[in-house]
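Novice: Have a look; sequence and predicted model below, questions after that.
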Amino acid sequence: MSFTLTTPVTGGAQTGFTTPTYTIAADTAPTNAGKQYAVTALGGTQTGVDASSSASKPFTITLSRPQNLRALAAVDPVTGQLRSVPMNTYKILVRKGVTPLAGQPAKTLMASLSIDVPAGSDSADPANIRASMSLLIGALNQISASIGDTLVTGVI
(Lines give C-alpha, C1' and ligand atoms only; values in the text may rest on other atoms or scores of the structure.)
Protein backbone atom coordinates (compact mmCIF):
# COMPACT_ATOMS: atom_id res chain seq x y z
CA MET A 1 0.00 0.00 0.00
CA SER A 2 1.36 3.42 -0.92
CA PHE A 3 -0.03 5.11 2.18
CA THR A 4 3.30 5.63 3.89
CA LEU A 5 4.14 8.59 6.09
CA THR A 6 7.70 9.52 6.90
CA THR A 7 8.72 11.10 10.16
CA PRO A 8 8.58 13.88 11.03
CA VAL A 9 5.35 15.06 9.44
CA THR A 10 5.32 18.81 8.85
CA GLY A 11 2.05 20.19 10.13
CA GLY A 12 -0.13 22.75 8.39
CA ALA A 13 -0.18 26.35 9.57
CA GLN A 14 -2.32 26.98 12.65
CA THR A 15 -2.97 30.12 14.69
CA GLY A 16 -0.56 30.13 17.65
CA PHE A 17 1.67 27.36 16.28
CA THR A 18 5.17 27.93 14.93
CA THR A 19 6.53 25.34 12.47
CA PRO A 20 4.64 22.37 13.95
CA THR A 21 6.10 18.91 13.33
CA TYR A 22 4.99 15.49 14.47
CA THR A 23 7.35 12.57 15.07
CA ILE A 24 5.44 9.40 14.29
CA ALA A 25 5.94 5.70 14.87
CA ALA A 26 4.19 2.76 13.27
CA ASP A 27 1.20 1.61 15.29
CA THR A 28 -1.26 -1.27 14.90
CA ALA A 29 -4.09 -0.45 12.50
CA PRO A 30 -7.62 -1.64 13.30
CA THR A 31 -7.66 -3.75 10.09
CA ASN A 32 -5.08 -5.36 7.84
CA ALA A 33 -6.21 -3.02 5.04
CA GLY A 34 -4.76 -0.02 6.84
CA LYS A 35 -1.71 1.60 8.33
CA GLN A 36 -1.67 3.53 11.56
CA TYR A 37 0.87 5.86 13.09
CA ALA A 38 1.04 7.33 16.59
CA VAL A 39 2.47 10.77 17.30
CA THR A 40 5.33 10.17 19.74
CA ALA A 41 6.85 13.65 19.92
CA LEU A 42 6.08 17.21 18.90
CA GLY A 43 8.30 19.84 17.30
CA GLY A 44 8.02 23.58 16.85
CA THR A 45 5.88 25.63 19.19
CA GLN A 46 2.55 24.00 20.06
CA THR A 47 1.78 25.16 23.56
CA GLY A 48 -0.73 22.92 25.32
CA VAL A 49 -0.46 20.05 22.82
CA ASP A 50 0.59 16.57 23.87
CA ALA A 51 1.73 13.54 21.92
CA SER A 52 -0.10 10.22 22.08
CA SER A 53 0.13 9.50 25.78
CA SER A 54 -2.37 6.73 26.54
CA ALA A 55 -5.27 4.73 25.16
CA SER A 56 -7.65 7.35 26.55
CA LYS A 57 -5.72 10.26 25.03
CA PRO A 58 -4.56 9.10 21.60
CA PHE A 59 -2.91 11.10 18.83
CA THR A 60 -2.97 8.81 15.81
CA ILE A 61 -3.57 8.81 12.08
CA THR A 62 -5.01 5.80 10.28
CA LEU A 63 -4.89 5.40 6.51
CA SER A 64 -6.98 2.61 4.98
CA ARG A 65 -8.23 1.19 1.73
CA PRO A 66 -11.24 -1.04 1.11
CA GLN A 67 -10.92 -4.51 2.64
CA ASN A 68 -11.86 -5.92 -0.77
CA LEU A 69 -11.31 -3.76 -3.84
CA ARG A 70 -14.33 -3.75 -6.11
CA ALA A 71 -14.15 -4.04 -9.89
CA LEU A 72 -16.52 -3.12 -12.67
CA ALA A 73 -19.16 -5.62 -13.73
CA ALA A 74 -19.62 -6.48 -17.36
CA VAL A 75 -21.33 -4.01 -19.67
CA ASP A 76 -24.99 -4.80 -20.31
CA PRO A 77 -25.05 -6.69 -23.64
CA VAL A 78 -28.33 -5.08 -24.71
CA THR A 79 -27.75 -1.42 -23.80
CA GLY A 80 -23.96 -1.31 -23.92
CA GLN A 81 -24.00 0.56 -20.62
CA LEU A 82 -22.64 -0.27 -17.20
CA ARG A 83 -25.45 -1.46 -14.93
CA SER A 84 -23.75 0.01 -11.88
CA VAL A 85 -20.41 1.42 -10.85
CA PRO A 86 -19.29 0.29 -7.41
CA MET A 87 -17.16 2.58 -5.24
CA ASN A 88 -13.86 1.83 -3.55
CA THR A 89 -13.70 3.90 -0.36
CA TYR A 90 -10.37 5.01 1.06
CA LYS A 91 -10.28 6.66 4.49
CA ILE A 92 -8.00 8.79 6.59
CA LEU A 93 -8.84 9.14 10.27
CA VAL A 94 -7.08 11.29 12.86
CA ARG A 95 -7.83 10.61 16.53
CA LYS A 96 -6.78 13.12 19.18
CA GLY A 97 -7.56 13.02 22.88
CA VAL A 98 -8.89 16.39 24.02
CA THR A 99 -10.04 17.73 27.38
CA PRO A 100 -13.70 18.86 27.36
CA LEU A 101 -13.35 20.66 30.72
CA ALA A 102 -10.43 21.06 33.12
CA GLY A 103 -10.33 18.16 35.55
CA GLN A 104 -12.54 15.96 33.38
CA PRO A 105 -11.42 12.81 31.54
CA ALA A 106 -10.29 13.13 27.94
CA LYS A 107 -12.64 12.50 25.04
CA THR A 108 -11.50 11.54 21.56
CA LEU A 109 -11.86 14.04 18.72
CA MET A 110 -12.13 12.27 15.37
CA ALA A 111 -11.46 13.89 12.01
CA SER A 112 -12.15 11.70 9.01
CA LEU A 113 -11.74 12.01 5.29
CA SER A 114 -13.45 9.53 3.00
CA ILE A 115 -12.65 9.28 -0.71
CA ASP A 116 -15.05 7.29 -2.89
CA VAL A 117 -13.36 6.25 -6.16
CA PRO A 118 -15.57 4.74 -8.87
CA ALA A 119 -14.28 1.29 -9.79
CA GLY A 120 -12.52 1.32 -13.15
CA SER A 121 -11.59 5.01 -13.03
CA ASP A 122 -8.22 4.07 -11.53
CA SER A 123 -7.20 2.68 -14.93
CA ALA A 124 -9.48 4.72 -17.24
CA ASP A 125 -8.85 8.19 -15.76
CA PRO A 126 -5.92 8.28 -13.31
CA ALA A 127 -4.97 11.87 -14.19
CA ASN A 128 -8.32 13.22 -13.02
CA ILE A 129 -8.18 11.17 -9.81
CA ARG A 130 -4.77 12.70 -9.11
CA ALA A 131 -6.07 16.19 -9.97
CA SER A 132 -8.90 15.83 -7.46
CA MET A 133 -6.39 14.92 -4.72
CA SER A 134 -4.08 17.75 -5.74
CA LEU A 135 -6.89 20.27 -5.34
CA LEU A 136 -8.15 18.72 -2.09
CA ILE A 137 -4.74 18.63 -0.40
CA GLY A 138 -3.72 22.04 -1.75
CA ALA A 139 -6.96 23.60 -0.48
CA LEU A 140 -6.59 21.95 2.95
CA ASN A 141 -2.99 23.18 3.20
CA GLN A 142 -4.05 26.67 2.13
CA ILE A 143 -6.85 26.92 4.69
CA SER A 144 -5.33 24.82 7.48
CA ALA A 145 -5.28 27.70 9.97
CA SER A 146 -8.76 28.82 8.91
CA ILE A 147 -10.16 25.36 9.52
CA GLY A 148 -8.56 25.27 13.00
CA ASP A 149 -9.89 28.76 13.74
CA THR A 150 -13.41 27.74 12.65
CA LEU A 151 -13.34 24.59 14.80
CA VAL A 152 -12.36 26.76 17.81
CA THR A 153 -14.57 29.82 17.19
CA GLY A 154 -17.51 28.35 15.26
CA VAL A 155 -17.19 31.16 12.70
CA ILE A 156 -16.96 30.02 9.07
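Specialist: All right, it came through fine.
Novice: on contacts alone, who are the packing partners of the longest helix along the chain?
Specialist: Among the segments of the chain that qualify as a helix by DSSP state H, the longest is helix 126-142. When contacts are defined as 3 or more CB pairs under 8 Å, 6 or more residues apart in numbering; DSSP states H and E, helix 126-142 sits against helix 121-124. Where C-beta positions appear, they are placed from N, C-alpha and C, glycine not excepted.
Novice: What's the first helix or strand after the worst-scoring helix or strand of the chain on mean pLDDT?
Specialist: Taking mean pLDDT, DSSP states H and E as the measure, the helix or strand of the chain with the lowest value is helix 126-142, at a mean of 90. Next helix or strand after helix 126-142 toward the C-terminus (DSSP states H and E): helix 144-153.
Novice: So which bits of that next one are buried?
Specialist: By neighbour count with 16 or more other CB atoms under 10 Å, helix 144-153 contains the buried residues 144, 147-149.
Novice: Repeat that for stretch 73-89.
Specialist: Buried residues in stretch 73-89, defined by neighbour count with 16+ other CB under 10 Å: 86, 88.
Novice: Please renumber the chain so that the first residue is 28 from this point on.
Specialist: Renumbered: residue one is now 28, and that last one reads stretch 100-116.
Novice: Thr46: what's it in contact with?
Specialist: 37, 70-72 (CB atoms under 8 Å, 6 or more residues apart in numbering).
Novice: From the residues you listed, which land in strands?
Specialist: 37, 70-72 (DSSP state E).
Novice: which among these end up buried?
Specialist: In terms of neighbour count (16+ other CB under 10 Å), there are no buried residues within the ones in strands among the contacts of Thr46.
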